[in-house]
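Novice: what shape does this take:
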Amino acid sequence: MRPLLALAILALLAGCGRATTRQEPTMDHPQHSPEALSLARITPREPGIAFELLSTAIETDGNIDPRHTAHGDNLSPPLHWTRVAGAGAYAIILEDPDAPMEKPFVHWLIWNIPGGLDALPEGVPNTDHLITPQGAVQGKNDNGSFGYFGPRPPAGTGMHHYHIQIFALDGPLALKSDADIRALVDAMKGRVLAETELIGTYAAPEQQ
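Specialist: The predicted structure is shown next:
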C-alpha cells in the first residue's frame, strides 16, 4: 500500500504546482501596458500640495458618460481643478494603460493652459493652437489627430481605466504642437509644482 500512497502524494503535489502557475491574461482582464503613466515619470518640486481635479463627465460609479467617448459624440470632458499658487500654466495628459499595446494609449495632450484658469469647457476644438483658452497648445493623440480622442477600447477587452493627469507648471513650455508625449514629459521635468489625476472607466459596448 505504501507505493500507492507515495504515488497519490506525488500526484497531489503535481496538481498543486499547476494551480500556482500564472495564467495568461484573458480578454476580460487585459494585460496592462508595461510603460509607466506620465504621472509616475515626473516628481513635483513641492510634493504634498493640495490639488484636485473633477469632472461632471465621470459618474459617481466612475463610468465615463458615453457622450465623451468615440462611440458617442467624442467631446472632451469638462474639467475643473483647484488652482495651485504660483502656477504659470497647466498641462493635461489622458492615457489608457489598459490598451493592448506596449505603452499606454495617448488620448489627449494639451499644455500651456493659462495659470489663471481653473477649468476647461466641454468640447475643446480639435486643433493644435487654441483661441480659447488663449495660448494653449494640443499635440497629437495616438489616433493621429490633434486634441482629444475619446475612449474606444476594442470589443471584448473588458473595462479600461482612463487617467486624466494634470500638471501645474511654473510657466508655459516652449514646445511646438508636433511634440509627442515623451517630449512633453521631458519638457515638464523640473518644472512641475503639483500633479494629480482623475480616473474614469469605460468598456466597449457589446454591440458596436
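Novice: quick check: which ranges of this protein have low pLDDT?
Specialist: Judged against pLDDT under 70, the low-scoring parts of the chain cover residues 1-34, 207-208.
Novice: now with 50, please.
Specialist: Using pLDDT under 50 as the threshold, the predicted model of the chain has low-confidence ranges 1-30.
Novice: so where do the strands sit in it?
Specialist: Chain-ordered strands for the chain, with DSSP state E as the definition, fall at 53-54, 79-81, 89-96, 105-114, 119-120, 137-138, 160-169, 192-202.
Novice: as JSON lines, those with mean neighbour count and distance to Ala183 would be great.
Specialist: Every residue, glycine included, has its C-beta placed from N, CA and C. JSON lines is the format used below for these (neighbours: other C-beta atoms under 10 Å; distance: least, C-beta to C-beta, whole Å):
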{"stretch": "strand 53-54", "mean neighbour count": "15", "distance to Ala183": "23"}
{"stretch": "strand 79-81", "mean neighbour count": "20", "distance to Ala183": "23"}
{"stretch": "strand 89-96", "mean neighbour count": "25", "distance to Ala183": "12"}
{"stretch": "strand 105-114", "mean neighbour count": "23", "distance to Ala183": "10"}
{"stretch": "strand 119-120", "mean neighbour count": "18", "distance to Ala183": "22"}
{"stretch": "strand 137-138", "mean neighbour count": "23", "distance to Ala183": "12"}
{"stretch": "strand 160-169", "mean neighbour count": "24", "distance to Ala183": "14"}
{"stretch": "strand 192-202", "mean neighbour count": "20", "distance to Ala183": "15"}
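Novice: can I get these in CSV including distance to Leu39?
Specialist: Putting these into CSV (distance: least, C-beta to C-beta, whole Å) gives the following:
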stretch, distance to Leu39
strand 53-54, 11
strand 79-81, 14
strand 89-96, 8
strand 105-114, 13
strand 119-120, 18
strand 137-138, 19
strand 160-169, 5
strand 192-202, 6
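Novice: closest to Pro151 out of the ones you listed?
Specialist: The closest of the strands of the chain to Pro151 is strand 192-202. By C-beta to C-beta, the value is 4.3 Å.
Novice: and that closest one, how far from the chain's centre?
Specialist: Distance of strand 192-202 from the chain centroid (C-alpha atoms, centre = their mean, to the nearest Å) equals 8 Å.
Novice: go on, stretch 160-167?
Specialist: On C-alpha atoms, centre = their mean, the centre of stretch 160-167 falls 3 Å from that of its chain.
Novice: stretch 75-87 too?
Specialist: Mean-position distance between stretch 75-87 and its chain equals 16 Å (C-alpha atoms, centre = their mean).
Novice: on that earlier part again, out of the strands of the chain, which comes closest to Gly62?
Specialist: For the strands of the chain, the distance to Gly62 is smallest for strand 192-202, at 4.8 Å, taking C-beta to C-beta.
Novice: all set, thanks.
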